[in-house]
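Q: Using only what follows, build the 3D model:
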Amino acid sequence: MTGALRREGADLRQSRLEEHIMSTESTSTQFRLIPLRLLDLSPLNVRKTGGDEGISTLAELINAEGVLQNLSAYESRESDGEAEIRYAVVAGGRRWRALRRLIDQGRITDEYPVPCIIVTYERAVQISLVENSGREPMHPADEFEAFKALIDAGQTMEDVAARFGVTPMVVQRRLKLANVHPKFIALYRDGLVTLEHLMAFAVTDDQARQLQVWERLGANGLSASALRHALTEQEVSLRAPLARYVGIKAYEKAGGVVRRDLFDEDEDGGLDGDLVRKLAAAKLEKCAEKVRKEGVAWVHVCLDFDYTTRSAYKQVKTVVRDPTEEEQKAIDDVATELGRIESEIEEVEDDSERVAELERQAAELDQQYDALNAKLSAADPEQQALAGAVVTIGHDGKVLIERDLLRPEDASRFAQAEKAQRRATPTGGPRVHSATLVRRLTAQRTLALQATLLQHPDVALVALTHRLLLRAFPLYGCGRESAVRIDGRAADLGAYTSELAGSPAEAALRARSAAIEAQLPEDPGQLFAWLSAQSQTEVLSLLAFCIAQTVDAVQEDEVPSSADELARAAGLDMHAWWVPKAENYLASIPKARILEIVREAVSPEVASALSLMKKGALAQAAEKRLAGTGWLPALLKTEA
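A: The predicted structure is shown next:
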C-alpha cells in the first residue's frame, strides 16, 4: 500500500501544475539575490523526512559551480517590525541546507547571495509539493500533511484533486491518514509502524481512542488487523445480516451515522452496534407478534441464533405409526414399481428418450412414495402442545422463523421422561419404524451377532447352557426365551438374502465356514474321533460357529428381546457391521424422519439445506452427510 501511495504522488501532473503556478504568479513574483543570513527554512516546506540525504554532495557542487537553480521563498510573517525583511524558503530546502553546511565549514559567509523567486504565502505549500513530488520521492507522511495544509488554507477537496491530477478519493484518504494521532505518524516516519497500522488507526477520528487501544493492546507484535478489530469491536459491519435486516435508511433515520472505511476495497463500513441491535429487536418483535397470533405456546426473539444457541432448543419429535394393511400394500407396490423402473433404466440407458420417460415415471412414483409415508408421520402431540418458535435473522439478512421448537427446559424434561420410561417399561416403546423395516434391520443385527460370536466361544457356551437349562427345567415354563435354537439348524434369513449378501458379517461367516470345512474329515464316521483330538480352545471355537448359526434375532416390534442380553455379553458393536445407506434404510423411512436424523447427527443447518429435496435425492444426500458420524437407529444400538 505504501508503494501505491507513492505511485499516486509520482502521478501528480507536475508539468501542468508548474505551468499553472507560473501563469498565476507571473504578475506578482520577483527575482532577487538575497543574503543567506536572511533566509530561513519555511515550516510550510512539505518535505520533513529524508531531507538530509545527499547534502554533502550537493554542498560540494554548489561550492564549485554556485547555486544553479533558484530557491522559492516568501516574506516571513515573523519579520514584521524588524529592520530587515527575512524570507522563508518553501522550495529548495536541500539547497538551503547545503549552503548552511558550507557556512559551518567556513567555506562561504552568511552574506553569500542566493538567487530566489519571491512568491506569495498562499502559493507556498503548493509550490513545495510540486517541486518535491517531481524530484526525489517524498515520504508518504509528508504528502498526508501537505494535503491537509492545503485544505486548512481554504481550498476544497475537488480543487486540490484537480490541481494535482488525482481523484478526490486520493485526497480524502490523505486527509484521513493526516488525522491519525501525531504520535503514530512520528512512529511511521521512524519506521516503527507500517502504513497498514496508520490505515487501521484511521477507522476512527477519535485520537484519544487510538491511544487507548494502542496502550491496551501493547505495541509488541501488534498486527494492523488486531488494531482495526479493537477499534471497531463495538460496531456492526455493513455486510452483516443484522445491518442488512435493519437497513441503512432506517438506521440513519434513527440518528445513526455510517462510518465508512476509505481503505476497504469492498467499501465496507461500520454502524453503531447498540443502535442496530435496538432497531433489529424492535423490528423482530413485530414479526413475533404475528407468530403469537397463530396460537403457538411461546415465541422468542433472538438476534444471534448461532449453532450454540440453536442446540439448546430441540425440534419436536416426529412419531411414526404402523401402516394399515392397505397402506403397507400401497407402499410396497410403489417401491416394487420403482425398483422395476430403475432396473429398466439400466437396461435401456442408450435410449435417451426411453430413459427420459422412465425417469419421469420414477419421479411421479417417488412423490407418491413420499406422500404415503408422510401420512404415517406426525409431530408428537404432547410435545407439540408445548412447542413454540424463535424469530431471528437468517444469513441472507431476512427474517427467519424456526417453528416446532421445544424450549431448553422442556426439551430436557422430555429427555429425562423418555429415559425413565425406558427404564420402567423395558418391554415397550413408541414405534419409529415400520414392521417390515424392523425385520430388515434386525436381520442385519442377527447376522452381525452371529459373526461376533465367532470371536467369543465362552459367550457361546454360556448361551448354549442357558438354552438347555430353560428347556430342561419346568420351573421356567414358557415365560423366557433364548435367541439360540438348539436344533442346530441355521436361522432362516432367506427373505433377506439379497440385502445381506456382501455385508461384512456375511463375509466373515462365509470365510469362517470355509476355513472349518477345509479341516474337517470327509468321512462323518471319523468326525467324533477327530473332534476328540482337538484342543479345548479349538472345540470351543467350533462350538461358537455352530451356535452362532442358530441365533435368530429377527423381530417385528421395536421392543427389547432375548437377543439383547446375548449382544451385550458378546460386545456387539453394529458400527463395525452396518452403516445407514439409501438402499438399506433411508429410502424406507419418511422424509421427515430423514431430516430429523440429519439434524441430530450432523447439524440443523445441513438438515435445513436438504429440506427442499425430493425423497430419492434426499436419501442419497443424507447417506453422504451421515458417513463417518457413527449414527445408528436405536434398534441397532447395544446398551452397556
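Q: Can I get the strand or helix carrying residue 564 in CSV? Just the C-alpha atoms.
A: Using DSSP states H and E, the secondary-structure element containing residue 564 is helix 563-570. In CSV, the C-alpha atoms belonging to helix 563-570 read as follows (Å, rounded to 0.1, in the frame of the first residue of the first chain):
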residue,chain,number,x,y,z
ALA,A,563,-31.1,-61.2,21.8
ASP,A,564,-30.2,-58.0,23.8
GLU,A,565,-28.5,-60.0,26.6
LEU,A,566,-26.6,-62.0,24.1
ALA,A,567,-25.5,-58.9,22.2
ARG,A,568,-24.3,-57.2,25.5
ALA,A,569,-22.4,-60.3,26.6
ALA,A,570,-20.7,-60.6,23.2
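Q: and residue 455, how far is that from residue 512?
A: Residue 455 sits 10 Å away from residue 512, going by Cβ to Cβ, to the nearest Å. From N, CA and C alone the C-beta is placed, and that goes for glycine too.
Q: next one: residue 226
A: Applying Cβ to Cβ, the value for residue 226 to residue 512 is 62 Å.
Q: quick one, which of the two is more surrounded?
A: Taking residue 226 and residue 512 together and counting by other Cβ atoms under 10 Å, residue 512 has the greater number of neighbours (19 against 13).
Q: residues contacting that one?
A: Residue 512 makes contact with 454, 545 under the criterion Cβ atoms under 8 Å, 6 or more residues apart in numbering.
Q: go on, residue 584?
A: Residues near residue 584 by Cβ under 8 Å, 6+ apart: 440, 444, 499, 578.
Q: SS state for the last one?
A: Pointing back at residue 578 there. Per DSSP: H, G, I helix; E, B strand; the rest coil, the local secondary structure of residue 578 is coil.
Q: thinking it is in contact with residue 448, fair?
A: Yes - the pair formed by residue 578 and residue 448 meets the contact definition of Cβ atoms under 8 Å, at 6.6 Å.
Q: More neighbours: which of these two?
A: Relative neighbour count places residue 448 above the other of residue 578 and residue 448, with 28 against 20, counting by other Cβ under 10 Å.
Q: Excluding covalently adjacent residues, which one is nearest to the more buried one?
A: In space, and not counting its chain neighbours, residue 448 is closest to residue 577: 3.7 Å by Cβ to Cβ, 6 or more residues apart in numbering.
Q: Equivalent analysis for residue 101, please.
A: Using Cβ to Cβ, 6+ apart, the closest residue to residue 101 is residue 59 (4.7 Å).
Q: now swap in residue 496 and tell me
A: Using Cβ to Cβ, 6+ apart and skipping residues adjacent in sequence, the residue nearest residue 496 is residue 443, 4.2 Å away.
Q: for the helix or strand hosting the one you found, packing partners?
A: With elements taken from DSSP H and E, the one containing residue 443 is helix 435-453. Counting contacts by 3 or more Cβ pairs under 8 Å, 6 or more residues apart in numbering; DSSP states H and E, the secondary-structure elements packed against helix 435-453 are helix 325-347, helix 457-472, helix 497-500, helix 504-519, helix 536-550, helix 563-570.
Q: between it and helix 536-550, how big is the angle?
A: Orientation note: helix 435-453 sits at an angle of 170 degrees relative to helix 536-550 (axes from the mean of the first three to the mean of the last three Cα atoms, to 10 degrees).
Q: Now do the buried residues in helix 435-453.
A: The neighbour-count check on helix 435-453 (16 or more other Cβ atoms under 10 Å) flags 436-453 as buried.
Q: Spell out the secondary structure type for the closest residue to residue 302 other than its chain neighbours.
A: What sits nearest to residue 302 in space, not counting adjacent residues and going by Cβ to Cβ, 6+ apart, is residue 392, at 4.6 Å. When classified by three-state DSSP, residue 392 comes out as strand.
Q: Can you give me the distance of residue 392 to residue 288?
A: 10 Å.
Q: For the residue nearest to residue 448, grab the count of nearby residues.
A: The number of residues packed near residue 577 is 20, by other Cβ under 10 Å.
Q: That one: what's it in contact with?
A: Taking Cβ under 8 Å, 6+ apart as the definition of contact, the neighbours of residue 577 are 444, 447-448, 451, 503-505.
Q: And the helices in the stretch 1-150 of the chain?
A: In the stretch 1-150 of the chain, the helices defined using DSSP state H, counting those that start in this stretch lie at 2-10, 14-25, 55-65, 93-104, 124-133, 140-152.
Q: Pull out the buried residues from the third one.
A: Yep, that's helix 55-65 we're talking about. For helix 55-65, using 16+ other Cβ under 10 Å, the buried residues are 58-59, 62.
Q: Show me which strand runs longest in this protein.
A: In the chain, with assignment by DSSP state E, the single longest strand is strand 399-406.
Q: ok, it: who's next to it in the sheet?
A: Strand 399-406 has the following strand partners under DSSP bridges: strand 314-315 (antiparallel), strand 388-393 (antiparallel).
Q: Restricting to C-alpha, output it in CSV.
A: Included here for strand 399-406 are C-alpha records, laid out as CSV according to Å, rounded to 0.1, in the frame of the first residue of the first chain:
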residue,chain,number,x,y,z
VAL,A,399,-36.3,-12.6,9.0
LEU,A,400,-36.2,-16.3,9.8
ILE,A,401,-38.8,-18.2,11.8
GLU,A,402,-37.8,-21.5,13.4
ARG,A,403,-41.0,-23.4,14.3
ASP,A,404,-41.9,-26.5,16.3
LEU,A,405,-39.1,-26.0,18.8
LEU,A,406,-39.1,-27.0,22.4
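Q: what's next to it, contact-wise?
A: Against strand 399-406 from outside (Cβ under 8 Å, 6+ apart): 245, 284, 287, 291, 296, 305, 310, 313-316, 379, 383-384, 386-394, 414.
Q: which among those end up buried?
A: Members of the contacts of strand 399-406 that pass the buried threshold by neighbour count (16+ other Cβ under 10 Å) are listed as 245, 284, 287, 291, 296, 305, 310, 313-316, 379, 383, 386-393, 414.
Q: that older thread, pull the contacting residues for the residue nearest to residue 496.
A: With Cβ under 8 Å, 6+ apart as the criterion, the residues that contact residue 443 are 493, 495-496, 499-500, 554.
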